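> A predicted structure for the sequence below; I have some questions about it.
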Amino acid sequence: MLEIQSGCHTVRSHGIEVARVHIYDWLILFVLVVIDIILNVVEPFHRFVGEDMMTDLKYPLRQNTVPFWAVPVIAMLLPIAVFLILYFIRRDIYDLHHAIMGLLFSILITGVITDAIKNAVGRPRPDFFWRCFPDGQGVFDPVTRGVICTGDKAVIKEGHKSFPSGHTSWTFAGLVFFAWYLSGKIRVFDRRGHIAKLCLVLLPLLSAALVGVSRVADYWHHWQDVFTGALLGTVVASFCYLQYFPPPHDVNGWGPYAYFQMLKESQNDLQSSTSTIQREQQSELESVYIDSRHGMEMSNGNTRDTSAVLDRVESDWRH
């Protein structure tokens, strides 16, 4: 199994090269951010809500137990902090870059899918009645008996975004990716039976589940919204992780594909350089050998010429 060569692949030595290779991936991440912002600006579909439907939508309007700003902290910043700590320990820019990129793709793809479905479905939240009628006085169309909301437009708009749960999908996207990452780094599937490793991996999943439970407890979502959000985040995170890293049970599950590809290319370059040097040395030896043979032939030729002259001189002297 290949081991990481500590100190050989840092931000300074390989950072620019890695960023250059993945420049288009970073551009796609930027496009995903723009798309998600647009999806949050547009008005969602306002599904028909009748008077008789209000029975299941009269839960109290409460504050979020997990505020919106806490989601990126839990799902993104905390995993990135761990990625950075491991980078300073192992000095592997390939692992840091692909871990951050995979995490961001996981969260942003999940966010775009979630917000697109929210806008298309327009399911009312369990507390929709109090969003629609903050004074508690229901107003309905005399013909269709559909609601005629009197509340704040921004609050009503948010009330049509129940399915699926954004808090849950984002949190599962980030923390499931993080759980996959930890599984590979600590070799949780090395068949040695260390349950402590498994508990460490399950901790991010438990945190994500608690965030999902809080959405139902706060009456911001139905249980189906939370279940779907968790499933969506888990699936996207798994695909994104396996795009950059081998499965955790793999013998090389501790590192990204790009790292091993780089080592393979380096070995091929080294072998190619070695072969070139050997060919040059062999060519030089052959040149020396040919030159030496040529010199010997010239020497032998001169010897034969000198002997012939001496023979003719001796023959003339005798006569």
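Received it, and whenever you're ready, just let me know what you need. Residues are numbered from 1 along each chain as shown.

> count of residues packed around Asp225?
27 (other CB atoms under 10 Å). The C-beta positions use only the backbone N, C-alpha and C, and glycine is treated the same way.

> Hmm, it is touching Lys161, no?
No. Taking CB atoms under 8 Å as the definition, Asp225 is not a contact partner of Lys161, at 9.5 Å.

> Give me the common contacts of those two.
Arg123 (CB atoms under 8 Å, 6 or more residues apart in numbering).

> What's the local residue count around Phe172?
So Phe172, with other CB under 10 Å, has 33 neighbours.

> In which helix or strand does it reside?
helix 166-185 (DSSP states H and E).

> following that helix, which helix or strand shows up next?
Next along from helix 166-185, by DSSP H and E: helix 195-217.

> Only the buried residues of that next one, if you could.
Lys197, Val201, Pro204, Leu205, Ser207, Ala208, Ala209, Val211, Gly212, Ser214, Arg215, Val216 (16 or more other CB atoms under 10 Å).

> Is it possible to get JSON lines of these that adds pLDDT?
Below are the buried residues of helix 195-217 laid out as JSON lines (pLDDT from 0 to 100):
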{"residue": "Lys197", "pLDDT": "86"}
{"residue": "Val201", "pLDDT": "92"}
{"residue": "Pro204", "pLDDT": "95"}
{"residue": "Leu205", "pLDDT": "96"}
{"residue": "Ser207", "pLDDT": "96"}
{"residue": "Ala208", "pLDDT": "97"}
{"residue": "Ala209", "pLDDT": "97"}
{"residue": "Val211", "pLDDT": "97"}
{"residue": "Gly212", "pLDDT": "96"}
{"residue": "Ser214", "pLDDT": "96"}
{"residue": "Arg215", "pLDDT": "96"}
{"residue": "Val216", "pLDDT": "96"}
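
> quick one: which of those is nearest to Phe88?
Pro204 (21.0 Å; CB to CB).

> For that closest one, list the residues it contacts.
Pro204 neighbours (CB under 8 Å, 6+ apart): Leu175, Val176, Phe178, Ala179, Leu182.

> right, and the last one touches Val201 too?
The one in question is Leu182. Yes. Assessed by CB under 8 Å, Leu182 is found in contact with Val201 at 5.2 Å.

> Could I get the full set of helices for this protein?
Using DSSP state H, the helices assigned to the chain run over residues 11-21, 23-41, 70-72, 78-90, 93-121, 128-132, 153-159, 166-185, 195-217, 223-244, 257-318.

> Need phi/psi at the closest residue to Lys185 other than its chain neighbours.
If you skip the residues right next to it in sequence, Lys185 has Trp254 as its closest partner in space, 5.7 Å away by CB to CB, 6 or more residues apart in numbering. As for Trp254, its main-chain torsions (degrees, to the nearest 10) stand at phi -80, psi -10.

> And Trp254, how far from Phe245?
Between Trp254 and Phe245 the distance is 9 Å, computed by CB to CB, to the nearest Å.

> And for Gln63?
In terms of CB to CB, Gln63 sits 38 Å off from Phe245.

> What is the burial count for the closest residue to Pro134 other than its chain neighbours?
Counting by CB to CB, 6+ apart, Pro134 lies nearest to Gly151, which is 4.7 Å off, once chain neighbours are set aside. Neighbour count of Gly151, defined by other CB under 10 Å: 17.

> residue contacts, Gly151?
With the criterion set at CB under 8 Å, 6+ apart, Gly151 makes contact with Trp130, Arg131, Cys132, Phe133, Pro134.

> do Tyr219 as well
Shown in contact with Tyr219 (CB under 8 Å, 6+ apart): Tyr59, Pro60, Leu61, Arg62, Arg125, Pro126, Asp127.

> Out of these, which end up buried?
Looks like the contacts of Tyr219 have Tyr59, Leu61, Arg125, Pro126, Asp127 buried, using 16+ other CB under 10 Å.

> Kindly indicate which of the residues you listed lies nearest Val73.
Val73 lies nearest to Arg125 out of these, by CB to CB, at 23.6 Å.

> surely the closest one meets Gly159?
Yes. With contacts counted by CB under 8 Å, Arg125 reaches Gly159, the gap being 5.1 Å.

> anything in contact with each of these two?
Common contacts of Arg125 and Gly159 (CB under 8 Å, 6+ apart): Arg131.

> circling back to that earlier point, just want to know which of Gln63 and Phe245 has more residues nearby.
Taking other CB under 10 Å, Gln63 and Phe245 do not tie; Phe245 has more neighbours (27 against 7).
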